[in-house]
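Trainee: What shape does this take:
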Amino acid sequence: MVKNMTKWPILLIALDLVGAIIAAVGILKFIENGSFNAFLLIVVGFCLMLPLILHILKPVSYTHLTLPTIYSV
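Mentor: Here you go, the predicted structure:
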């Protein structure tokens, strides 16, 4: 029995980590003084985290599945 091993894309994980750090810095600065630059850091951080989320939520192709056929008499 062979297991289907999927590899995590290391570049997307690194991009997600950088985005999380930038978003965290932006949140801390936004709490501290509420500047527009801090809000932009939050938005940029979340945008950098988006590719990994989209990769995880990518729709699975169901081409290998067949629906049961119902025969009428």
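
Trainee: if we look at the host helix or strand of residue 48, which residues are touching it?
Mentor: When secondary structure is defined by DSSP states H and E, residue 48 falls within helix 36-56. For helix 36-56, the surrounding residues in contact (CB atoms under 8 Å, 6 or more residues apart in numbering) are 9, 12-13, 15-16, 18-27, 29-30, 32. Quick note: C-beta positions are derived from backbone N, CA and C, even for glycine.

Trainee: quick one: pLDDT of the one residue sitting closest to the centre of the chain?
Mentor: Most central in the chain under CA atoms, centre = their mean is residue 53, positioned 1.0 Å from the mean C-alpha point. Note on residue 53: pLDDT of 87.

Trainee: could I get the longest helix seen in the chain in PDB with only the CA atoms?
Mentor: Counting residues, the longest helix in the chain under DSSP state H turns out to be helix 10-33. Taking C-alpha atoms only, helix 10-33 is exported to PDB below (Å, rounded to 0.1, in the frame of the first residue of the first chain):
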ATOM      1  CA  ILE A  10       8.500  25.600   1.200                       C
ATOM      2  CA  LEU A  11       8.400  29.000  -0.600                       C
ATOM      3  CA  LEU A  12       4.700  29.500   0.200                       C
ATOM      4  CA  ILE A  13       5.400  28.600   3.900                       C
ATOM      5  CA  ALA A  14       8.300  31.100   4.000                       C
ATOM      6  CA  LEU A  15       6.100  33.800   2.400                       C
ATOM      7  CA  ASP A  16       3.300  33.000   4.900                       C
ATOM      8  CA  LEU A  17       5.800  33.400   7.800                       C
ATOM      9  CA  VAL A  18       7.100  36.800   6.500                       C
ATOM     10  CA  GLY A  19       3.500  37.900   6.000                       C
ATOM     11  CA  ALA A  20       2.600  36.800   9.600                       C
ATOM     12  CA  ILE A  21       5.500  38.800  11.000                       C
ATOM     13  CA  ILE A  22       4.600  41.900   9.000                       C
ATOM     14  CA  ALA A  23       1.000  41.600  10.000                       C
ATOM     15  CA  ALA A  24       1.900  41.200  13.700                       C
ATOM     16  CA  VAL A  25       4.200  44.300  13.600                       C
ATOM     17  CA  GLY A  26       1.400  46.200  11.900                       C
ATOM     18  CA  ILE A  27      -1.100  45.100  14.500                       C
ATOM     19  CA  LEU A  28       1.200  46.200  17.300                       C
ATOM     20  CA  LYS A  29       1.900  49.500  15.700                       C
ATOM     21  CA  PHE A  30      -1.800  50.100  15.100                       C
ATOM     22  CA  ILE A  31      -2.600  49.400  18.700                       C
ATOM     23  CA  GLU A  32       0.200  51.700  19.800                       C
ATOM     24  CA  ASN A  33      -0.700  54.800  17.800                       C
END
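
Trainee: Good, wrapping up.
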